[in-house]
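Asks: I would like the atomic coordinates for the input below:
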Amino acid sequence: MPVYEYQCRKCKAKFDLRQNAPEGDGEAKCPRCGGEGKRVYSFFSSGGGSSRPYCPPARPT
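Replies: Residues are numbered from 1 along each chain as shown. This next block holds a predicted model:
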């Protein structure tokens, strides 16, 4: 089940919701103030890689 990130339009708080794909229609209720939350797009991380860019090893001369 995917996790979607939202930001409240009223209090600007960010929160996550786990929803089925069809339920993730782009709006949700803020758990902090009850305001309308709009889905924001965030970066995906698989957790298995390095944060450093790939640098090939130096070739022997």
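
Asks: And the helices in the chain?
Replies: With DSSP state H, there are no helices along the chain.

Asks: Next one: the closest residue to Cys33 other than its chain neighbours, what pLDDT does it get?
Replies: Spatially, and ignoring its direct neighbours in sequence, Cys33 is nearest to Cys11 (4.5 Å; CB to CB, 6 or more residues apart in numbering). To be clear about C-beta, it is placed using only N, CA and C from the backbone, and glycine gets the same treatment. Note for Cys11: predicted pLDDT of 96.

Asks: Next one: Cys11 from Tyr4, what distance?
Replies: Using CB to CB, to the nearest Å, we find Cys11 at a distance of 18 Å from Tyr4.

Asks: How about Ala58?
Replies: As judged by CB to CB, Ala58 and Tyr4 stand 43 Å apart.

Asks: For these two, indicate the residue with more neighbours.
Replies: For the pair Ala58 and Tyr4, the greater number of neighbours falls to Tyr4 (20 against 6), based on other CB atoms under 10 Å.
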